[in-house]
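Novice: the following block contains a protein sequence and its predicted model.
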Amino acid sequence: MRGRRGALRLQLPLFSVLGAGLFCAVIASLSGAQSTSNTKSEPAAQTAVLVGAGDIVGCQNPQGALATAKLVEKIPGTVFTLGDLNYDAITLPQFQNCYGAAWGKFKDRTRPALGNHEYREPHAAAYFQYWGEQAGPPGKGYYSYELGAWHVVVLNTNCQALGLGGCTAGSPQDSWLRQDLREHRGSCIVAYGHHALFSSGIFRSHAVHPELKRLWEDLYAAHADLILAGHEHSYERFAPQDPDGRADPQHGIREIIVGTGGRSHDPLGWALPNSEVQNFDTYGVLKLTLSPQGYTWEFIPEEGKTFHDSGVGVCQNRAPQQARATPQIH
């Protein structure tokens, strides 16, 4: 384990690969900067915001969730949740009184994902009752939607859940995902679910989930840009990599773990290859600003904390092959 809490290790990827002109053009287009060139600026209406976290409410100790709810309240846009929305709650009334008292005020603009704690009740019944159509088809928990110029995929990473059929090749979710991605060729793609394929969590059986590799392979083949996860109660950002964990600056997927919704903190161990940033003592939310050519990410901490992480990336399906995400140092 690292000897310092909230340790941060950041690697700046491939500045030498980017020509100065290309780099500046990418940054300008993503930040909305004015340009004197003939490049047409993107319509403001095409830019969308996605904000959220996972592992949110400890029903017996909701202070952390209330702190992150204050952050979300100030950020307009679509809210994502990465599972384990409330602990110590199983029934629908408990769900309403626990999660509802913290992040429930954003219910109408939330697109949720299932965590393992939702399955404490058979078939995650209270979860599906609470969210209704917002949770996708009952019993499945995976679905997709459009947000601005982006295609958003919500995964059910509880591969052993009764009735789901697993996450392996040919499983119902795998078949659905492949078809969904075929129907959205050329789109900018972000996916999210509860569990992570890669994590530096100290308890690897809890942190790392190789059963998700097939879903990663589907997304990698479709040139997905981002995958978000929770489960580990910490923040960790990885450089773009392939489903085998090999660095792939041009075509890889950037994974960001945001299990910082307020439940508790989990320690991290030695950083895995390609892990760029880690923090495990700060609650907060991740804000993504999605434009037709790319995205920016920003971790916003709870009041009183200083940890921060942000950066800029391009949409693989709409950008020159040499352009990739560029973190900003804080």
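Specialist: Here it is on my side, so go on. Numbers count the residues shown, from 1 in each chain.
Novice: buried residues in the strand or helix carrying residue 95, which are they?
Specialist: Secondary structure from DSSP states H and E places residue 95 in helix 92-102. Neighbour counts using 16 or more other CB atoms under 10 Å place 94-96, 98-102 of helix 92-102 among the buried residues. Glycine gets a C-beta too; all of them are placed from N, C-alpha and C.
Novice: out of the residues you listed, who's nearest residue 287?
Specialist: residue 102 (18.2 Å; CB to CB).
Novice: next up, the contacts around the closest one.
Specialist: When the contact criterion is CB atoms under 8 Å, 6 or more residues apart in numbering, the partners of residue 102 are 56-57, 62, 65-66, 69, 262.
Novice: okay, now the nearest residue to it once chain neighbours are set aside: neighbour count?
Specialist: Nearest residue to residue 102, sequence neighbours excluded (CB to CB, 6 or more residues apart in numbering): residue 65, at 4.0 Å. Using other CB atoms under 10 Å, residue 65 has 26 other residues around it.
Novice: what's opposite residue 110 in the beta bridge?
Specialist: Taking DSSP bridges as the rule, residue 110 bridges to residue 79.
Novice: quick one: it from residue 203, how far?
Specialist: Remark: distance between residue 110 and residue 203 (CB to CB, to the nearest Å) = 29 Å.
Novice: all helices of the stretch 201-330 of the chain, in order?
Specialist: Using DSSP state H, counting those that start in this stretch, the helices found in the stretch 201-330 of the chain span residues 204-207, 213-221.
Novice: in the stretch 101-250 of the chain, which spans are strands?
Specialist: Taking DSSP state E, counting those that start in this stretch as the test, the strands found in the stretch 101-250 of the chain are 110-113, 143-147, 150-154, 188-192, 226-229, 235-238.
Novice: of all those, which lies closest to residue 284?
Specialist: Residue 284 lies closest, by CB to CB, to one member of the strands of the stretch 101-250 of the chain: strand 235-238, at 7.2 Å.
Novice: tell me the strands beside the closest one, with direction?
Specialist: Sheet pairing for strand 235-238, using DSSP bridges, gives strand 254-258 (antiparallel), strand 275-279 (antiparallel).
Novice: could you dump those strands to JSON lines with mean neighbour count?
Specialist: Below are these laid out as JSON lines (neighbours: other CB atoms under 10 Å):
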{"stretch": "strand 254-258", "mean neighbour count": "25"}
{"stretch": "strand 275-279", "mean neighbour count": "23"}
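Novice: turn those into a markdown table, including mean pLDDT and distance to residue 304.
Specialist: As requested, these are exported to a markdown table (pLDDT from 0 to 100; distance: least, CB to CB, whole Å):
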| stretch | mean pLDDT | distance to residue 304 |
| --- | --- | --- |
| strand 254-258 | 98 | 19 |
| strand 275-279 | 97 | 14 |
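Novice: of all these, which one is nearest residue 291?
Specialist: Of all the strands paired with strand 235-238, it is strand 254-258 that lies closest to residue 291, at 15.9 Å by CB to CB.
Novice: what angle do the closest one and strand 188-192 make?
Specialist: 40 degrees (axes from the mean of the first three to the mean of the last three CA atoms, to 10 degrees).
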